[in-house]
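Participant: Here you go, sequence then predicted model.
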Amino acid sequence: MVIVAGHITVEPHQRDSYLAGCVSIVEQARQADGCLDFAISADLHDAGRINIYERWESRAAVEAFRGSGPSDDQSAAMLSASVAEYDIANTRSLTGERTT
């Protein structure tokens, strides 16, 4: 399993429009082969921060989806980015895998 996690920062007044531009990316990712979870969301504390969380079955699945990365408009809006990829060997449920 691979987890991609971190955050990007944008000007606070641009965050909502940046996130609106990510809706189709989230939809595409969640339908992609090997995607277990994918979220791009507003931080509750920092008005300029956008949190990134992705969970994939494999590195190959990440690479097949990733393509060329953010669009030019998205890249131009980013003030900074801190996102890393983690190879996960084992997992342990903390919730008992409840579904609603």
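Facilitator: Looks like it arrived, so ask away.

Participant: pLDDT below threshold where in the chain?
Facilitator: Residue ranges of the chain with pLDDT under 70: 68-71, 97-100.

Participant: And the helices in it?
Facilitator: Ranges of helices in the chain, per DSSP state H, are 15-20, 23-31, 59-66, 72-77.

Participant: Out of the ones you listed, flag the one nearest residue 37.
Facilitator: Proximity of the helices of the chain to residue 37 was assessed by C-beta to C-beta; the nearest stretch is helix 23-31, lying at 7.9 Å. Placement of C-beta: from N, CA and C, glycine included.

Participant: Determine the set of other helices and strands touching the closest one.
Facilitator: If you count contacts as 3 or more C-beta pairs under 8 Å, 6 or more residues apart in numbering; DSSP states H and E, helix 23-31 packs onto strand 35-42.

Participant: try it again with 10 Å
Facilitator: strand 35-42, strand 49-56, helix 59-66 (3 or more C-beta pairs under 10 Å, 6 or more residues apart in numbering; DSSP states H and E).

Participant: ok, back up a step: I'd like to know which of the helices of the chain lies nearest to residue 96.
Facilitator: Of these, nearest to residue 96 by C-beta to C-beta is helix 23-31, at 23.3 Å.

Participant: okay, the angle between the closest one and helix 59-66?
Facilitator: Comparing the axes of helix 23-31 and helix 59-66 via axes from the mean of the first three to the mean of the last three C-alpha atoms, to 10 degrees yields an angle of 150 degrees.
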